[in-house]
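Student: Give me the fold of what follows.
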Amino acid sequence: MDRRLRNRILLCLLVAGVLAFVLIELSGRKPAAKISAVMPTRENLASSIASNGKVEPIEPYVMRAQLDTFVEKVHAKEGQQVKKGQLLLELNVKDASAQLSEAQSKLLRAQEDLRAAKAGGRTDSAAQVTGDLAKMQAERDRLQKNHEALLRLIAQQAATQDELAANDLGLAKAQAEVTRLAAAKQEFDRGVRLDAERTALQVQQAQHEVAALQDKVRNGWITAPVDGTLYSQPAKAGDFVKLGDLLAEMADLHKVRVRVFIDEPELGALEPNQPVKITWDALPNQSWAGKTEIIPKQVVARGSRSVGELLCSVNNDKLELLPNTNVNVRINSKERLGVLAVPRGAVEAQGGRRYVFVVKKNQLGVGKSILEKREIHVGIADATSYEVVSGLQEGEMVALPGDVDLRDGMYVIVVNTEVANFRGNSNG
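Tutor: Predicted coordinates for the structure are as follows:
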């Protein structure tokens, strides 16, 4: 055999051996996970947000106990339609009623004392003080006139100095008594003024006490503040209630709203007046129409979720939706025609970005493929799919999650391919 030909044969054998080794390494030595994949297609998408919510009345009326007592009687049933002013509950206010009677008597006495003080004191006492002073003043004036008359008579030698001295002694005593009685009347008048001020304060205090007890007695009669539905009445006859305890809740249930808990990534799609569909597991064959009203202005923690609280108005003419019930909510926002769509399950979210794992065929043409983690930008979404705005082309295949965790650069074998939105599948 020609030496040159032999060398060529050996070289070809060597190359074939190396190639076989590489193929064996690529196809047999490195493990490859078996996955399913999907090829996105053009679809018509209607964006919607599905979440949960709670029904609440727009104008609820909450009635609480205003004193510590027992529930005496219950006059209405939970769920009943009631009229404004209708008696709902009766509380035991016997002690408050007795205290009210005593306080009212106390107020009458204080008012009588105030009238007497404003009139100058008690009539008999005032008359006596005034009368004694006037009587003594008249006696003093009489003795003063006698003094002047005696002086003239002494000048005419018709009276003696002893008579004048006796009269002047009486006059001095009378003047002293007038001074004493005037001081006593002044003190009496000052006392009357003080009594008027004190009794006025007593009247004011008694009035406040009566008003407070009247409120307590009135609070024993729990009545409906408006026409509506008594949707909650935890208080039962014989129950002991404390100040502030809930007795009943009612509202006009024609006017209700739903507080919907929207996950943070979906808040950007919300706008006022978007159509809303409400369903309730308790009435599975019924639904209620509504619309979005107040868009969330903040995100709050709700269990393990970060949500915004969306308020939706709902038509509840038949009074079927009850306050505090948990409902299902679907909000329809936007519609796109003929957009490239990828299943939600194929999209991962990390730090506000979204990614897919694109299946790249092995360049050597063997059965294994490799995954490429790629960021995509999405538009609207419905219950099953995202609109792909950029980052993915038609004809590219995207891995679906399964029993293994997908990662960038991972070798895989595609054992099942599916059409976008899971509308069919074929083995491959």
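
Student: Validate this expectation: Ala383 resides in a helix.
Tutor: No. If the criterion is DSSP: H, G, I helix; E, B strand; the rest coil, then Ala383 is coil and not within a helix.

Student: oh, and call the first residue 53 from now on, that's how I've got it
Tutor: Fine by me, first position is 53 from now on; the one you just mentioned is Ala435.

Student: what's the burial count for it?
Tutor: 12 (other CB atoms under 10 Å). C-betas here are computed from N, CA, C, even on glycine.

Student: Name all residues that make contact with it.
Tutor: Residues near Ala435 by CB atoms under 8 Å, 6 or more residues apart in numbering: Ser100, Ala102.

Student: Could you report the distance from it to Glu427?
Tutor: Ala435 sits 23 Å away from Glu427, going by CB to CB, to the nearest Å.

Student: Next: Lys237.
Tutor: In this view, Lys237 and Glu427 are 103 Å apart by CB to CB.

Student: can you give me the helices for the stretch 153-302 of the chain?
Tutor: Counting by DSSP state H, counting those that start in this stretch, the segments of the stretch 153-302 of the chain that form helices are 175-207, 213-270.

Student: export those to TSV and tack on distance to Ser356 and mean neighbour count?
Tutor: Below are those laid out as TSV (distance: least, CB to CB, whole Å; neighbours: other CB atoms under 10 Å):
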stretch	distance to Ser356	mean neighbour count
helix 175-207	82	14
helix 213-270	46	15
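
Student: could you dump the ones you listed to TSV with distance to Glu111 and mean pLDDT?
Tutor: Formatted as TSV, the helices of the stretch 153-302 of the chain follow (distance: least, CB to CB, whole Å; pLDDT from 0 to 100):
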stretch	distance to Glu111	mean pLDDT
helix 175-207	58	79
helix 213-270	23	79
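
Student: Let me have the ones you listed in TSV, extended by distance to Cys64.
Tutor: Converted to TSV, the helices of the stretch 153-302 of the chain look like this (distance: least, CB to CB, whole Å):
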stretch	distance to Cys64
helix 175-207	145
helix 213-270	109
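
Student: Out of the ones you listed, the one nearest Ala401 is which?
Tutor: helix 213-270 (57.3 Å; CB to CB).

Student: packing partners for the closest one?
Tutor: helix 146-170, helix 175-207 (3 or more CB pairs under 8 Å, 6 or more residues apart in numbering; DSSP states H and E).

Student: among those, which is nearest Lys420?
Tutor: helix 146-170 (86.6 Å).

Student: what is the orientation angle of the closest one with helix 175-207?
Tutor: Per axes from the mean of the first three to the mean of the last three CA atoms, to 10 degrees, the angle that helix 146-170 makes with helix 175-207 is 10 degrees.

Student: Can you give the distance from helix 146-170 to the centre of its chain?
Tutor: 42 Å (CA atoms, centre = their mean, to the nearest Å).

Student: and if you look at stretch 137-147?
Tutor: Using CA atoms, centre = their mean, the offset of stretch 137-147 from its chain centre is 27 Å.

Student: neighbouring contacts of that stretch?
Tutor: 115, 117, 119, 121-128, 134, 268-269, 271-276, 282, 285, 287, 293, 299-300.

Student: Would you mind checking those for buried ones?
Tutor: Taking 16 or more other CB atoms under 10 Å as the criterion, what is buried in those is 115, 117, 119, 121, 123, 126, 128, 134, 268-269, 271-272, 274-276, 282, 285, 287, 293, 299-300.

Student: Show me the strands in the stretch 353-480 of the chain, by range?
Tutor: Taking DSSP state E, counting those that start in this stretch as the criterion, the stretch 353-480 of the chain contains strands spanning 357-367, 378-395, 400-402, 405-413, 421-433, 437-442, 449-451, 463-471, 477-479.

Student: right, and Asp304 touches Gln133 too?
Tutor: No. Between Asp304 and Gln133 there is no contact under CB atoms under 8 Å: 10.2 Å.

Student: May I have the residues that are in contact with Leu322?
Tutor: Residues counted as contacts of Leu322 (CB under 8 Å, 6+ apart) are Ile101, Ile314, Thr344, Ile347, Pro348, Gly360, Leu362, Ile383, Ser385.

Student: Can you select the buried ones among these for me in ChimeraX?
Tutor: In ChimeraX, this line selects whichever of the contacts of Leu322 come out buried by 16+ other CB under 10 Å:
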select :101,314,344,348,360,362,383,385
